[in-house]
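Need a 3D model of the following:
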Amino acid sequence: MLKKLLVLCCGVLSMAVHAEEVHVGTVFHSLAPLHEIIRLFEKNSSAKIIAHEDSFTTTVLYKQIKEKNDLDIVLLGDVKTAVMLEKDGLANQNARFTYAFGKLVLWSKNPDLVDAKGEVLISGEFRNIASLDPNVAPYGFAAQQVLEKLKRREALQSKWIFVANSGELQKQVMEGKIDLAFIPLATLNPSKKIEGSLWIIPKSYYHVIEQQAVLLKRADNNQAAKAFFEYLRSPQARNIFEKYGFSLP
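Here you go, the predicted model:
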C-alpha cells in the first residue's frame, strides 16, 4: 500500500513539474528579445520557460508543430502561418495576437559600403547580395519588393543569394562571404552598436511585416503557458521588442 502511495505521489509531482514547463518556438530574429522577456517573467514565476533554438524560420516552425507537437507557444514571422495553425486545429480560434511589426534593413560589414539612401543598390559595386528566400520568408519577400520598387531586381539577379535564416545570414556577412544583406533589424540588435553600415529601408518600400504569437492547443491545460502568453502582451515585453528594433502594434 505504501509503495502504491509513493508511486501515486511521484506521478502527481511529475505532472505538476511538467505543467510548470512552457516550450516556446521562435523565428531567429525574435530569439534575443524572447530570452530577455523570459528572464523577467521567471523572476516572479515558478514556471520554467524553455526557448527552442533548433527551428529558426516560420516554415520550419510550422513543420515542427505539425510533426512533433512539442511547443506550447510560437512566435512567428507572419500572420498567414498563424491562421493555418488555427485551420489545422493546432491552435484555438483567436488564440493569437500581433506582437510586433518587422523592420527590414540593408546591411554590410563594410562601414563605407551602405549609404543612407541605399544608392549602393543602383551602383552595383559589390560582389553579391543576400536575403531570406522570398518564397517562404516574409523578410525575403520584402527584400524582393524593395528591389522591384528600385527597378533593380533583374539587374542584380546574378548576384542575389538566398540564405536559410537571418542568423546564418548575419554570420555569412560577418565572415566576409556576403557583401550586402537584406536582414531584419532585430537580428542586428540595435540596442547595441551595429558593426558596419546600414540603410533602414522606408516602410513604403515593402508590405507590412506583421508578426504573430500563437498559443497552441497543446497548452490548453498548461496555466503557466497561458500566463506567459499573456505576459508577451505586457508593457514590459512590448518595451523589449521595441528595444530590439521592432515597431509595436
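
all strands of the chain, in order?
For the chain, the strands defined by DSSP state E cover 21-26, 48-52, 73-75, 91-101, 104-108, 129-132, 160-163, 180-184, 197-200, 210-216.

Can I get those strands in TSV including mean pLDDT, distance to residue 244 and mean neighbour count?
For the C-beta atoms, the positions are set from N, CA and C on the backbone; glycine is no exception. Shown next, in TSV, are the strands of the chain (pLDDT from 0 to 100; distance: least, CB to CB, whole Å; neighbours: other CB atoms under 10 Å):
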stretch	mean pLDDT	distance to residue 244	mean neighbour count
strand 21-26	97	12	23
strand 48-52	97	15	17
strand 73-75	97	12	26
strand 91-101	94	9	17
strand 104-108	98	13	24
strand 129-132	98	18	25
strand 160-163	96	20	17
strand 180-184	98	10	28
strand 197-200	97	14	19
strand 210-216	98	12	24
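
what's the distance between the residue minimising distance to the centre of the chain and residue 114?
With distances taken as CA atoms, centre = their mean, residue 27 lies nearest the centre of the chain, 2.9 Å away. Distance of residue 27 to residue 114, given as CB to CB, to the nearest Å: 24 Å.

Check residue 70 too.
40 Å.

the more surrounded of the two?
Neighbours per residue, other CB atoms under 10 Å: of residue 70 and residue 114, the larger number sits with residue 114, 24 against 12.

Would you agree residue 58 is in contact with residue 81?
Yes - under the criterion of CB atoms under 8 Å, residue 58 makes contact with residue 81 at 5.1 Å.

For the two, indicate the residue with more neighbours.
With neighbours defined as other CB under 10 Å, residue 58 and residue 81 compare such that residue 58 has more, 27 against 20.

Just the terminal-to-terminal distance for stretch 194-205.
23 Å (CA to CA, to the nearest Å).

Kindly apply the preceding question to stretch 227-247 instead.
23 Å.

which residues are in contact with it?
22, 24, 30, 32-33, 36-37, 40-41, 45, 47, 49, 73, 75, 97, 99-103, 184-186, 188-191, 211, 213, 215, 219, 248 (CB atoms under 8 Å, 6 or more residues apart in numbering).

Where do the domain boundaries of the chain fall?
2-101+209-243, 104-205 (automatic domain parsing).

where among those domains is the average confidence lowest?
For those, the bottom mean pLDDT is recorded on domain 2-101+209-243, which sits at a mean of 89.

distance between the ends of stretch 146-162?
15 Å.

what separates that stretch from the chain centre, distance-wise?
Using CA atoms, centre = their mean, to the nearest Å, the mean C-alpha position of stretch 146-162 is found 24 Å from that of the whole chain.

Contacts for it, please.
Contacts of stretch 146-162 (CB under 8 Å, 6+ apart): 104, 106, 118, 121-122, 124, 126-134, 140, 144, 178, 182, 201, 205-206.

That one: which residues count as buried?
Residues 146, 147, 152, 156, 160 are the ones in stretch 146-162 that count as buried (16 or more other CB atoms under 10 Å).

Having no further points to raise, I will conclude here.
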